[in-house]
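A.B. asks: What follows is a predicted protein model with its sequence.
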Amino acid sequence: MTDRTKNILKNLLALFIGLALTGSMLVAAEGYLWLRARKAAHAAHARLDDNQSEFFIADPILGGKCKEGFKGPHHLRINDKEIFSTYYEFDDHSCRITPVDHADERTEGALFFGCSFCFGFGVAQDETLPACLAKECDALLPVNFANPGHGPQHMWLLIQQPDFLKQVPREKGVVLFGFIDHHIPRLMGDKDLVSTWGRRFPWLEITEEGVISRGFMEDREANNSSALKVLQRFHLGRFLVDRLKLVPAKFYTEEEGYHTLARLFTDVRKRLKAQLPDYELIVFAFPGALQGPQLGEVLKEYGIPFLDYSGLYRHFGEEVGDYFFADSLGTRWGHPKAPLYADVAKRLAEDLQEHCHRQGGSEQETEAE
């Protein structure tokens, strides 16, 4: 064997050893990150006992929705501590049923859209915001279109469903959207949201010219480069993508988020006017929505009525637990409790006075007013 051949073999052996060591390190790193992710998921699962999967199902248009005709319990426990245990009933259109008195005598509709806050996550049928408003406003007949995890884009999609008009109980009334800060990341497709539980969020292209449905956020993510898509299939690849910031956490500024949401509401209002000309779209901010004031200023530019209740309870200390469930890990403010809905309903009733009381009410009701 010549010296040249020996050198070639030595170099090949060194290359093989180097590749083997590099491969072993990559496999070890992938295994470590996989194990860490598995432990984190297991720990989160161990902390949380929630039977939401029994009543929330996949949907080819909305991504997810409440199960039609479901009747049953919803319980939530964290670290074996019961946060709430309640009961839900949905109609054949996935709307949570709102019990009201004298439904036939109510002259206007109140169509609620939004997420778990409007839905009434964790409270009884007669404790939701629509139910509380019905107690304050004897002329309004509520329909609860809100679903856990929904965003503003779901409202746009729902009003175009073939059976939407069949669910509208009266020819005139109000359409109410309850805003929380998390709605803008849901609408814009925040990367952290999409990479966790938001892949099946509807993806809308929203411009000044109009709104177009593009599928789901996972379809938008599929437009990433092939190299990034290959990397993101692996734990190590996702780690490198995040650390090197190859994909920005946000594709938008807060100002862009406000204006995009305002343009969506403008399109919703236009579509509602075509179907329900005697309904008025009104947006309101739930207590705790830190972006409420800024959003209100932008909506004013677009002529969208806005009611800001975001500042309620901010000054509270321990009393905040009387108004919010402790069901959001890492934050004091979770989903609203029944007293908060009762408070907000009273404020809504004051701001919706022209819609709230039946014409020709009883003499006793008239004297009381």
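C.D. replies: Nice, I can see it. Quick caveat: nothing in here was measured; it's all calculated off a predicted structure. Numbers count the residues shown, from 1 in each chain.
A.B. asks: can you pull the contacts of Cys118?
C.D. replies: Residues near Cys118 by CB atoms under 8 Å, 6 or more residues apart in numbering: 112, 128-130, 144, 146, 176, 178. Glycine gets a C-beta too; all of them are placed from N, C-alpha and C.
A.B. asks: hmm, 6 Å instead?
C.D. replies: 112, 129, 146, 178 (CB atoms under 6 Å, 6 or more residues apart in numbering).
A.B. asks: and which of these is nearest to Phe84?
C.D. replies: The closest of those to Phe84 turns out to be Leu129 (CB to CB; 16.1 Å).
A.B. asks: Now for that closest one, how many residues are close by?
C.D. replies: Neighbourhood size, Leu129 [other CB atoms under 10 Å]: 31.
A.B. asks: What distance do you get for the residue lying closest to it once chain neighbours are set aside to Ser116?
C.D. replies: Closest residue to Leu129 apart from its sequence neighbours, by CB to CB, 6 or more residues apart in numbering: Tyr341 at 4.6 Å. For Tyr341, the distance to Ser116 (CB to CB, to the nearest Å) stands at 12 Å.
A.B. asks: All the strands of the stretch 1-150 of the chain, residue numbers only.
C.D. replies: Using DSSP state E, counting those that start in this stretch, the strands found in the stretch 1-150 of the chain span residues 48-50, 56-59, 63-66, 71-78, 81-89, 108-113, 140-144.
A.B. asks: Neighbouring strands of the fifth one in the sheet, and parallel or not?
C.D. replies: Read that as strand 81-89. Here strand 81-89 is paired, per DSSP bridges, with strand 71-78 (antiparallel).
A.B. asks: tell me which residues in the strand it pairs with are buried?
C.D. replies: For strand 71-78, burial by neighbour count (16 or more other CB atoms under 10 Å) applies to 74, 76-78.
A.B. asks: can those residues go into CSV with extra columns for pLDDT?
C.D. replies: Formatted as CSV, the buried residues of strand 71-78 follow (pLDDT from 0 to 100):
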residue, pLDDT
His74, 97
Leu76, 95
Arg77, 94
Ile78, 90
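A.B. asks: Looking at the residues you listed, spot the one nearest Ala14.
C.D. replies: Ile78 (54.7 Å).
A.B. asks: for the closest one, what are its contacts?
C.D. replies: 47-48.
A.B. asks: For Cys132, see how far away it is.
C.D. replies: Counting by CB to CB - Ile78 and Cys132 are separated by 26 Å.
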